[in-house]
Structure formats: structure tokens, C-alpha cells
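# Got a sequence here, can you build the structure:
(one chain, ligands or ions: 3)
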Amino acid sequence: MILVNNNSSLRIAIQKGGRLSEKTLNLLENIGLEFDNYKNRILVPCRNYDVELLLIRDDDIPEYVQDGICELGFVGHNVTAESKADVTGLRALGFGKCRLSVAVPKNNGIKTLKDLDGCRIATSYPVLTRDHFEKQGIRIKTIEISGAVEIAPTLNVADAIADIVSTGGTLKTNGLVELETILNSQAELIQTNQPIDAHKSELIEKLLSRIGARQQAEKSRYIMMNAPSGAVERICDIIPSLKSPTVLPLAENDMVAIHSVIPTDRFWEVMEELKSAGASGIVILPIENMIV
Ligand SMILES: Nc1ncnc2c1ncn2[C@@H]1O[C@H](COP(=O)(O)OP(=O)(O)OP(=O)(O)O)[C@@H](O)[C@H]1O
Ligand SMILES: O=P(O)(O)OC[C@H]1O[C@H](OP(=O)(O)OP(=O)(O)O)[C@H](O)[C@@H]1O
Ligand SMILES: [Mg+2]
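Ligands and ions are numbered 1, 2, ... in the order given. Reported below is the predicted structural model:
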């Protein structure tokens with residue numbers, strides 16, 4: 001049975017309450033979509049775009065998108081991969097970064113995955129875990145647990161775990177060490193493989209283009225600085241992306257203002273070099289959107 005969304009508005013599934021909810025809503029608002037009253041609601045209309053949000057548990061998102069109940073979904077790649085849903089990944093979103101890893105109690109002699117042959121692995125990701133071990137010909141028994149997986153070895157419910165790791169703090173607190181990564185993950189935008197009409201396809205195209213502009217902007221900063229005109233060439237060498245900066249004369253003799261866009265992650269690396277090249281009054285501004 002195919003359960004496509006017959007409503008004329010594009011429907012997007014997002015996590016109702018959890019780690020991805022706020023960042024997903026922020027992203028949608030940052031690309032100009034206005035929602036109100038999404039607290040305590042399941043279907044939330046949008047004031048200025050032909051779209052509605054379906055707020056549900058993240059585990060349900062891939063299947064809702066697979067079945068066409070929602071055309072799009074924002075969800076962790078770990079959840080999509082575990083579900084094996086028939087959907088298309090459109091964009092990695094750069095937040096909710098984590099990994100699914102195998103971890104074992106510290107100092108118990110387990111050094112490689114092979115040492116876990118015949119062992120019990122506690123996890124909320126039985127599909128990905130079994131696939132990973134099977135590919136390496138290692139026999140394991142998965143013990144499916146939906147939360148607080150890290151405590152399973154202490155309770156002797158399992159010999160090891162496969163769980164989500166980000167900073168590694170939870171593993172450390174529970175006396176576990178990471179053995180191997182099964183999957184790297186971040187939040188992603190997924191699309192249904194069910195047929196989509198022309199109106200909804202156009203809405204998706206426009207959303208993707210706005211998300212692209214937002215992602216580009218987040219990767220960049222607008223930089224302004226003053227410098228002696230003789231220093232412009234050296235400053236451009238320090239930041240290769242400053243190939244054709246805007247250079248404006250200042251009232252002060254032989255001084256110019258340099259304006260350009262630089263990759264966010266480069267700024268802190270080159271700030272000292274810029275200063276020693278003669279730059280002063282360096283100002284860095286966030287960019288709202290960037291269409292290249
Ligand atoms: N420690 C973490 N750091 C960064 N991202 C994480 C972390 N833990 C989980 N994630 C990502 O955030 C997603 C949502 O995590 P969350 O803990 O809110 O899920 P949940 O408890 O299954 O929520 P739900 O109630 O919707 O089922 C995860 O599927 C994963 O992609
Ligand atoms: O490596 P860390 O930075 O410590 O993060 C990892 C922890 O974060 C997630 O749990 P969360 O805090 O979302 O609680 P949950 O297990 O109840 O979902 C995950 O299940 C780990 O327990
Ligand atoms: Mg969940």
C-alpha cells in the first residue's frame with residue numbers, strides 16, 4: 001500500500017523534541033520560513049511558504065519519508081542507515097555530528113573487533129551493528145536496548161556496546177573505551193522516492209537552493225581591515241581567497257581598507273600573520289546568506 005501525501009502542501013518531517021529539533025527549526029527559520037505555535041502541535045503550517053511540518057520521533061522519520069507521507073525529512077544519518085528505508089539523501093547539514101562506535105570495558109583485554117567473537121553487544125542499532133560484524137566474519141549476539149546502553153557491560157547484560165559517541169564523555173564516565181567506528185553521522189535532509197508533483201518539486205528545489213546559500217554563508221566570514229597600501233600584496237598572499245579583494249583608499253595617506261570574504265576556519269589561523277603584515281582594525285562579520 002502506498003500512503004503518499006495527497007495534501008497540496010509539501011510536508012517535512014522533523015524531530016519533535018530532541019537533539020536535532022532546535023537546530024532544524026533554526027535552519028528552517030534562517031532560510032526564511034516562518035512558523036508559530038509549534039509547541040504541543042504535530043502538524044504545523046508555515047505562514048509564508050507552502051509547506052507544513054510533521055513533528056514526530058526521529059525513529060519514525062525515514063519510514064514516513066519512504067512511504068511518501070512526508071516528501072522530506074530532517075534526521076540523523078545514523079537513523080536513516082539503521083532503518084534501511086528506501087529514501088534519497090539530499091544534503092548533509094553539518095550539525096548533529098556523531099559516530100556509531102563499538103566500545104568495550106577498559107582493561108579487559110579486548111584489543112580488536114575479532115576479540116569479540118562469540119560476545120554479546122548491547123545496542124540501539126542492531127541492524128548496523130550486525131552488518132558491521134558480519135562483513136568481518138565475526139559472530140556476535142546483539143542485545144537490543146533503547147537507552148542507557150553504556151551501563152550494559154557493568155550490569156553484565158553484555159560484553160561490549162555499539163552506541164552513539166560524540167565527545168566520548170559518556171564512554172569515559174562508564175569506564176569504556178572506543179574500539180572501532182561503525183558509521184560517521186550528522187543530520188541530513190532526506191527525500192521520498194515516491195513520485196512528487198511539479199509544484200512540490202519546485203518547492204523542494206527552492207528550499208535546497210536556500211539551504212545551499214545558508215551553508216555557504218556559514219562557511220564564510222566577511223573581513224574588513226585597514227593596511228598600508230604597500231602591504232596589500234602580502235596580505236593577499238596570507239589569505240589566498242583574498243585574490244581580488246575590494247581595496248578602498250582611506251583619508252589617511254597611503255592607507256587602504258581591504259574588504260573580502262574568507263573561510264571561517266582560516267581566520268584564527270592567519271590573524272597574527274595579518275597583524276604582522278601591517279593590518280589593523282580587523283573586523284570579522286557573519287554573513288546571513290551567500291549566493292555564488
Ligand atoms: N551526543 C551527541 N552529539 C551529537 N549528536 C548526537 C548525539 N547523540 C545523538 N546525536 C544525534 O542526534 C540524533 C537525535 O538524538 P536524540 O538523543 O534526540 O534521539 P532520541 O532520543 O532517539 O529522540 P526521539 O525521542 O526523537 O526518538 C541522533 O539520532 C544522532 O543523529
Ligand atoms: O560522547 P558523548 O558526547 O558523551 O555523547 C554520547 C551520548 O549522547 C547520546 O545520548 P543522549 O545524551 O542523547 O541521551 P540518550 O542516550 O538518552 O538519547 C548517546 O546515546 C550517548 O549516550
Ligand atoms: Mg529516537
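# so where do the helices sit in the chain?
Per DSSP state H, the chain carries helices over the ranges 21-30, 61-66, 77-83, 126-135, 169-173, 198-218, 232-238, 264-276.
# Just send the ones you listed back as TSV, with distance to residue 45 and mean pLDDT too.
Quick note: C-beta positions are derived from backbone N, CA and C, even for glycine. Listed next are the helices of the chain as TSV, based on distance: least, CB to CB, whole Å; pLDDT from 0 to 100:
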stretch	distance to residue 45	mean pLDDT
helix 21-30	13	96
helix 61-66	18	98
helix 77-83	25	98
helix 126-135	35	98
helix 169-173	38	97
helix 198-218	14	95
helix 232-238	49	89
helix 264-276	34	86
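# between these, which one is nearest to ligand 3?
Taking CB to the ion as the criterion, helix 77-83 is the member of the helices of the chain that comes nearest to ligand 3, at 6.7 Å.
# can that closest one be found next to ligand 2?
No: against ligand 2, helix 77-83 shows no contacts by CB under 6 Å from any ligand atom, the least distance being 10.0 Å.
# list the contacts for residue 170?
Going by CB atoms under 8 Å, 6 or more residues apart in numbering, residue 170 touches 150, 163.
# And whichever residue of the stretch 1-150 of the chain sits closest to ligand 2, what's its pLDDT?
Closest approach between the stretch 1-150 of the chain and ligand 2, counting by CB to the nearest ligand atom: residue 147, at 4.6 Å. pLDDT, residue 147: 93.
# wait, it sits on residue 124?
Yes: assessed by CB atoms under 8 Å, residue 147 is found in contact with residue 124 at 7.3 Å.
# Tell me how far the residue of the stretch 1-150 of the chain closest to ligand 2 lies from residue 176.
Applying CB to CB, to the nearest Å, the value for residue 147 to residue 176 is 16 Å.
# Neighbour count: these two, which is higher?
Neighbour totals were compared for residue 147 and residue 176, and residue 176 leads with 27 against 8 (other CB atoms under 10 Å).
# Show me what that one bridges to in the sheet.
Beta-bridge pairing of residue 176 under DSSP bridges involves residue 105.
# Isn't it up against residue 108?
No: counting by CB under 8 Å, residue 176 sits too far from residue 108 to count as a contact (9.9 Å).
# Which positions within stretch 168-183 qualify as buried?
170-171, 174, 176, 179, 182-183 (16 or more other CB atoms under 10 Å).
# Which ones, among those, also lie beside ligand 2?
Among the buried residues of stretch 168-183, proximity to ligand 2 is found for residue 170 (CB under 6 Å from any ligand atom).
# and the residue of the stretch 151-292 of the chain found nearest ligand 1, how many residues sit next to it?
Taking CB to the nearest ligand atom as the measure, the point where the stretch 151-292 of the chain comes nearest ligand 1 is residue 166, at 3.2 Å. Residue 166: 12 surrounding residues under other CB under 10 Å.
# Backbone dihedrals for it, please?
Dihedral angles of residue 166 (phi, psi; degrees, to the nearest 10) stand at phi -120, psi -80.
# Contacts only, for the nearest residue to residue 12 once chain neighbours are set aside.
Spatial nearest neighbour of residue 12, chain neighbours left out: residue 72 (4.5 Å); criterion: CB to CB, 6 or more residues apart in numbering. Applying CB under 8 Å, 6+ apart to residue 72 gives the contacts 10-13, 65, 90, 189-192, 204, 207.
# can we see that at 10 Å?
Residues near residue 72 by CB atoms under 10 Å, 6 or more residues apart in numbering: 10-14, 51, 53-54, 61, 65, 87, 90, 189-192, 196, 200, 203-204, 207-208.
# Quick check: the gap between it and residue 45.
Remark: distance between residue 72 and residue 45 (CB to CB) = 16 Å.
# If the residue nearest to residue 12 is in a bridge, with which residues?
Bridge pairing for residue 72 - DSSP bridges - gives residue 12, residue 191.
# joint contacts of residue 147 and residue 124?
Common neighbours of residue 147 and residue 124 (CB under 10 Å, 6+ apart) are residue 163.
# Burial check on the residue nearest to residue 127 when sequence neighbours are not counted, number of neighbours?
Excluding the flanking residues, the one nearest residue 127 by CB to CB, 6+ apart is residue 82, at 5.2 Å. Residue 82: 22 surrounding residues under other CB under 10 Å.
# show me the contacts for residue 82.
Contacts of residue 82 by CB under 10 Å, 6+ apart are 59, 62, 76, 100, 123-129, 131, 183, 185.
# of all the residues you listed, which comes closest to ligand 1?
The nearest member of the contacts of residue 82 to ligand 1, counting by CB to the nearest ligand atom, is residue 76 at 2.2 Å.
# Much appreciated, bye for now.
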